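**Q** Coordinates only, no sequence provided:
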């Protein structure tokens, strides 16, 4: 189904109002979109022997394998223990390994294995297909506006907080 302006208006109206004057959380819609996006990505990436963290492999590749765990944690805005678990998972599945930096022996660079390098084009293609499916029927002007709105939400919510929230989506064996 292609979302029309009328549908978008109805969704906006529902989001902003309620018969009981209860504010509807934006996050609900974002979570539903995220679940559907990841499900579609999983369909396109079915031949990639990895359940999660594909995006991290692309980021490591994009940065010529010059990143440390700390660099990755800062970029993805996750704590150190989450990043250690992510790298351990990717390492256990033979997609990355840690290499001591020649400039600073305290730092460990995250490197891609040959296996990971083989799957980089497939991961990128699966993301490309998922993005195309997600944006189907949305013209370029509206796509640009969508990303501007997402960026503004990010800016608005970029407040100092003591709460660190990690989201670790994994494929469910029995979907609801």
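**A** Here it is on my side, so go on. Computed from a predicted structure; not experimentally measured.

**Q** alpha carbons only for contacts and neighbour counts from here, please
**A** Noted.

**Q** in what helix or strand does the residue nearest to the spatial centre of the chain lie?
**A** In the chain, the residue lying closest to the centroid (Cα atoms, centre = their mean) is residue 55, at 6.4 Å. Element membership of residue 55 [criterion: DSSP states H and E] is helix 54-62.

**Q** Residues contacting that helix, please?
**A** The set of residues external to helix 54-62 that reach it, using Cα atoms under 8 Å, 6 or more residues apart in numbering, is 66-67, 72, 110-112, 116, 120, 123-124.

**Q** Type out the ChimeraX command that picks the buried ones from those residues.
**A** Only the buried entries of the contacts of helix 54-62 go into this ChimeraX selection, using 16 or more other Cα atoms under 10 Å:
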select :67,72,110,111,112,116,120,123,124
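
**Q** I'd like the distance from the helix holding residue 55 to the chain centre, please.
**A** Helix 54-62 has its C-alpha centroid displaced from the chain centroid by 11 Å (Cα atoms, centre = their mean, to the nearest Å).

**Q** So which bits of that helix are buried?
**A** Buried residues in helix 54-62, counted by 16+ other Cα under 10 Å: 54, 56-58, 60-61.

**Q** And the helix or strand following that helix, what does it pack against?
**A** Next in sequence after helix 54-62, counting helices and strands by DSSP H and E, comes helix 69-76. Under the contact definition 3 or more Cα pairs under 8 Å, 6 or more residues apart in numbering; DSSP states H and E, helix 69-76 sits against helix 80-92, strand 108-112.

**Q** Show me how far helix 69-76 is from its chain's centre.
**A** 14 Å.

**Q** same deal with stretch 79-88?
**A** Distance, centroid of stretch 79-88 to centroid of chain: 16 Å (Cα atoms, centre = their mean).

**Q** tell me which residues in that stretch are buried?
**A** Buried residues in stretch 79-88 (16+ other Cα under 10 Å): 83, 86-88.

**Q** now for whichever helix in the chain runs longest, which elements pack on it?
**A** Looking across the chain with DSSP state H, the single longest helix is helix 114-134. In terms of contacts (3+ Cα pairs under 8 Å, 6+ apart), helix 114-134 is packed against helix 26-44, helix 54-62.
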